[in-house]
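A.B. asks: one predicted model, sequence on top.
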Amino acid sequence: MSVVTKADQVAAVDLITVTIDGIEVQVPKGTLAIRAAEMIGIAIPRFCDHPLLDPVGACRQCMVEVPDAGNGRGFPKPQASCTLECAPGMQIKTQHTSAVAQKAQKGMLELLLINHPLDCPICDKGGECPLQNQAMANGRGESRYAGVKRTYPKPVNISAQILLDRERCVLCARCTRFSEQISGDPFITLVERGALQQVGKYATDPYNSYFSGNVVQICPVGALTSAAYRFASRPFDLVSTTTTCEHCAGGCQLRTDQRHFQVKRRLAGDAPEVNEEWNCDKGRFAFVSGRGEDRITRPLIRENGALRIASWPEAVDAAVAGLAAAGGSAGVLTGGRLTVEDAYGYSKFARVVLGTNSIDFRSRPAGVDEEAFLAANVAGKTLADAVTYTDLETAGHVVLVGFEPEDESPLIFLRLRKGVRKKGLKVTAIAPFASDGSAKLKATVIATVPGTEAEALRGLDLAAGAVVLVGERAALVPGLLSAAAEVAERCGGRLAWVPRRAGDRGAIEAGCLPGLLPGGRPANETAARVDVAAAWDVDSLPAEDGMDATGMLAAAAAGELAALVVAGLEPADFADAAAVRAGLENAGFVVALESRMSEVTERADVVFPVALIEEHSGTFWNWEHRAGRVNTVIKQPAAAMTDLRVLAALADALGRPLGIRTPKQASAELAELGAWDRSGTEPVESVATPAASRRRTRKAAPKAPAVVDGEVTLKLATWRQLVDGGRGQDGEDALAATARPSVARISPALAGALGVAEGDPVAVSGGAGWYSLPVAITPGMVEGAVWVPMNSPGTPLGELGMVFGDEVTLSVGGEA
Amino acid sequence: MSDTLTPVLSANWGVEKSWTLDAYKTAGGYQAVGKALQMTPAEVTDLVKDSGLRGRGGAGFPTGMKWSFVPKDNPNPTYLVVNADESEPGTCKDMPLLLASPHTLVEGMIIASYAINCHTAFVYIRGEVLHVIRRMQQAVKEAYDAGYLGTDILGSGYDLDIVVHAGAGAYICGEETALLDSLEGRRGQPRLRPPFPAVAGLYASPTVINNVESISSVPAIVKNGSAWFGAMGTEKSKGMTIYSLSGHVNRPGQFEAPLGITLRELLQLSGGVRAGHELKFWTPGGSSTPILTAEHLDVPLDYEGMASVKSMLGTKALQVFDETTSVVRTTLRWVEFYKHESCGKCTPCREGNWWLVQMLKKFEAGEAVEGDVDKLLDICDDIGGKSFCALADGAVACVTSAVRHFRGEFEAGYSTPAWELFPYGRSALFEVPETMGAHA
């Protein structure tokens, strides 16, 4: 099988010629007339048509006249251009050249309006409403309709977040098609008939989807609104800025709308290569966290055990004193939420100002062989040699390893689903059970007990061109990352690592790992250090090995680390929250850069306020290695400073200037450094494989472990659900209400052996304690494992030190 | 053209317990199936093609040609679906046929299925007619018991199952693609075409959808030959068919006659318009076919004849109205039906019928205003030919044809209620209390 390049694909398309309003245009075979018209700048009005949804032909607004269908004969009736495929030689006349099309369109608009309320002045959509715009542009000044309008009680909550005003609905079926076709959550559908047709939901189940906000955005009228934005603003009072989402590594382009220096809403941006025109509900609605009373607006210093407000010079002096006293005994924890420019600032600050390689962005459970894998397979890569969203669609086969896309990278999920629906993509998931997400991808699930994924992966027979998507969780299984790289290479396929956080990929590029300098340069290579030292105009860079996050926190807890510089992170996100707290409490000196009061600031000696994402400019690198611009949405004269600016101030005060203060400067410097040119150096082993040698022979299907006294020992499977207890989602109650419930998933056989029924409480014990959860009996769940959500409200696993793959005890009847 | 009745489908309706297998066999039933199974499927298809049989559901598409459109290389099974969702106002031919002689359809389905290489066939019956559904179920059971259905039918090695499916009471499910959606268990709404059912119909597999009467005509054609069938009717509209007369006629009912007979002849056969009254207007084939008047009494009731007077043969449901009837009120009643039965998928049908009903009510009440007739026609123009399926076309056809022939009566609605011009009691065939007034 040969690899088809993008150029080949373009060349392979059959082009046909059609004439629209007298203008000849060449379009690929199969193009719809409405799309062909768009190509030459002719906009045919439409409501139901959406380029990413299957055509439906319901609203009939886009009527055109077809005097010649390409066979010399015309259609006797006007045609809906959204369902009409172009044929060679076809003649199409739109409203611009055909009285028939014009009359049909005007008539249709009038019909759409007869039952539509005249409540534009109080409708969220008023001012950005396709129906309103059409009515203003092409409608009659006065209605000929003198009858009774259809009315309904309003609104209907179709979920905690989405509200439906039925009388405004033009029944275009965009929302129902989106939920069925794009996200695969057909919880809403059209019900009833005739003029009483309406969008309906199940009697008991709400519209349960991680992507529900998209239906608000694509609704061509104000029938669907969100609880978050309903009546919050008028479109013409908003100032819109294009930016990149900060929630995951998907890199979704957004349109963020602000009014009076407050973000009012966020919409999916138009990014065909990335998120197309969609985004997830977290990216859309979770933007109020930290904007409230717990926002830090002024520097704080600890005095007599308590934080007090300080002036900037006072705080800088205090920080300088603490950091200078630490000598080189310092560490930097950056978290995964920084722009690449800020991350670069920390990386440079650690090496140049603090003189240490102890820097780590991983505020999460991390694996021993992870850093080597990242150095070999991720760092220094560019978009040109990376797997992209578009590649996923056409890959033929995608294997998911330690990765649950619907929860962990929702736009990858949507793109995979598109591939499955439209391009014959096959998906294989190596996972403990067949999740709803897997079912929506029609995935073949290889049910595996945590720890045995590498064997399952090696057992796969992959065709050339297949893509292995490996999630950050894979690092917790020794040897799994290397197995993924090995399998992808063996079959001539491609590998992509998908982290969770928006700043993860950029942090690697910026050198926020003990073993990596910017551009993927190994910190333990003299040549690399010389290279970077020259660029940074310093004599040398620290040569000593740095510590990773766990190492730094352990050292701090033991009183062996004099200072920690910490950017936004949460103890419960780590494998062991108690260890993080112990580290922060026992570190000699803690400087926190934060926008909001947190467990870190509670333990810090000096706290500097930093800017919120909407006050930031910079870049997020997504999992594809694509740069997404973060643009300043809210510009105020006294805006908070970025992390980089604060670091630069500290560096200046410490007498070792950083040389960069703005994202632009950081970005330019990082670009100039470029990626590490590996030629002439020892090739980095694609796998540093402590576990490869431990490769075990394939075993038969795992047997159910024995239940003794209502207790059983199991392997813990877990991941973070999209909507969970993360602090970034704080303050958005309607979003939180759409979260999936916290359950403990076990196999039917185990449930039988334990004698528990669906919903019965069970206790999952491990690490430092136990959580009680209702049981979810899950057909297809692998024997020998239990799945619980990683960080859902009430059950943050990090609090108990429980990590994916741990042995835990499940017992019946824990108290809730 | 013959002016006599030609009972073929209805020949056995008068027999004692005509719906039973025994009665059907005694009347010569199930002879054609044996003959057909001796032929090749292609020969059966050719025979039906040669006969000139055209679809009796309304559109008049040649039945044999429809069968030949089934792709031979499609890996999916082929299905036959019989449309027995007879719901068109005025139409009552398939239900009487199924009630009187369900085995005619069963035999036709076996032959048709054999011709198109189908092994599972469906009858989709209008949900409201429970007695017909039961009778059809009973007939299918009898046919299974007698070896006409199931495996190795009559020792031919050919297998066929028939599924009798009851609809849930929606006119739109008579539209063939909506019928398929409904049959698949979905909400019945018309599908986008292409793909056409012949290529991707039921369960995305090649599907032939025929009317009850079309399939029921097949056994007689097989038994008597295409020449026999073609000898009846006109050049382009061959064979016999069932005409259903209702309304102001003395003996309403089903009249099986060659295509091309005229209403004048049918009125003679049915005892004429009720005594003391004269024909005012009529529908040739249900309410979706534009109405005609007394001047069209001699137009042949075949596909071409009706097209020549801007109407359609439709289902040959001749609703006859005498001079006591308000055409405005009749039109309103029909459009109320379409408003109720519009599936709601597309704008013109959903909103347009809603609007038309409100306007026609004004006409009926004498509350329309000057210019409303033109407005009515303009709205009809915005609906007709713009909708997703033909339902709305049928809805506006009765309005536009009524205005075409009786514009003055609509204009009278600017000032005078229809019930004053045409007191409703006079057109009723039963006593109407005076108090019923406008809402009679």
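C.D. replies: Now that the structure is in, tell me what you want to look at.
A.B. asks: what helix or strand is the residue in the stretch 201-350 of chain B that chain A sits nearest to on?
C.D. replies: Residue nearest to chain A within the stretch 201-350 of chain B (C-beta to the nearest C-beta): B:G344, separated by 2.9 Å. All C-beta spots, glycine's among them, are computed from the backbone N, C-alpha and C. Counting by DSSP states H and E, no helix or strand carries B:G344.
A.B. asks: how about A:A534?
C.D. replies: helix A:526-536.
A.B. asks: could you list the domains of chain B?
C.D. replies: B:21-230, B:240-322, B:327-439 (automatic domain parsing).
A.B. asks: can you put those in a markdown table and add mean pLDDT and mean neighbour count?
C.D. replies: Listed next are these as a markdown table, based on pLDDT from 0 to 100; neighbours: other C-beta atoms under 10 Å in any protein chain shown:
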| stretch | mean pLDDT | mean neighbour count |
| --- | --- | --- |
| domain B:21-230 | 97 | 20 |
| domain B:240-322 | 96 | 21 |
| domain B:327-439 | 94 | 20 |
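A.B. asks: pull the contacting residues for B:W19.
C.D. replies: B:L99, B:A100, B:S101, B:P102, B:H103, B:R135, B:Q138, B:A139 (C-beta atoms under 8 Å, 6 or more residues apart in numbering or on different chains).
A.B. asks: please name the nearest non-neighbouring residue to the second one.
C.D. replies: The shortest distance from B:A100 to any residue that is not its chain neighbour, by C-beta to C-beta, 6 or more residues apart in numbering or on different chains, is 4.1 Å, and that residue is B:W13.
A.B. asks: count of neighbours near A:D14?
C.D. replies: Using other C-beta atoms under 10 Å in any protein chain shown, A:D14 has 9 neighbouring residues.
A.B. asks: name the helix or strand for the residue in the stretch 401-550 of chain A positioned nearest to chain B, please.
C.D. replies: Closest to chain B within the stretch 401-550 of chain A is A:R421: 14.4 Å, counting by C-beta to the nearest C-beta. According to DSSP H and E, A:R421 maps onto helix A:410-422.
A.B. asks: helices or strands next to that helix in the packing?
C.D. replies: In this structure, helix A:410-422 packs against helix A:389-394, helix A:405-408, strand A:426-431, helix A:436-440, with contacts taken as 3 or more C-beta pairs under 8 Å, 6 or more residues apart in numbering or on different chains; DSSP states H and E.
A.B. asks: winner for burial among those?
C.D. replies: Most buried of the helices and strands packed on helix A:410-422 by mean neighbour count (mean count of other C-beta atoms under 10 Å in any protein chain shown) is helix A:405-408; its value is a mean of 26.
A.B. asks: hey, C-alpha coordinates of that one in PDB?
C.D. replies: Extracted in PDB, the C-alpha atoms of helix A:405-408 (Å, rounded to 0.1, in the frame of the first residue of the first chain):
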ATOM      1  CA  PRO A 405     -10.800  10.800  23.200                       C
ATOM      2  CA  GLU A 406     -14.300  11.800  24.100                       C
ATOM      3  CA  ASP A 407     -13.200  12.600  27.700                       C
ATOM      4  CA  GLU A 408      -9.600  13.600  27.100                       C
END
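A.B. asks: give me the contacts around that helix.
C.D. replies: So helix A:405-408 is contacted by A:210, A:248, A:412-413, A:416, A:435-437, A:440-441, A:469, A:471, A:498, A:500, A:719-722 (C-beta under 8 Å, 6+ apart).
A.B. asks: again, only this time at 6 Å
C.D. replies: A:I412, A:F413, A:G437, A:G471, A:R500, A:W719, A:Q721, A:L722 (C-beta atoms under 6 Å, 6 or more residues apart in numbering or on different chains).
A.B. asks: can I get those residues in a markdown table with pLDDT and distance to A:T297?
C.D. replies: As requested, the contacts of helix A:405-408 are exported to a markdown table (pLDDT from 0 to 100; distance: C-beta to C-beta, whole Å):
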| residue | pLDDT | distance to A:T297 |
| --- | --- | --- |
| A:I412 | 98 | 37 |
| A:F413 | 98 | 38 |
| A:G437 | 97 | 40 |
| A:G471 | 97 | 37 |
| A:R500 | 96 | 29 |
| A:W719 | 97 | 35 |
| A:Q721 | 97 | 32 |
| A:L722 | 97 | 30 |
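A.B. asks: I'd assumed B:L98 was in contact with the residue nearest to B:A100.
C.D. replies: No. In this structure, B:W13 is not within contact of B:L98 by C-beta atoms under 6 Å, at 11.3 Å.
A.B. asks: can you pull out the strands in chain B?
C.D. replies: B:78-84, B:118-125, B:161-166, B:207-211, B:240-247, B:253-258, B:279-283, B:292-293, B:317-322 (DSSP state E).
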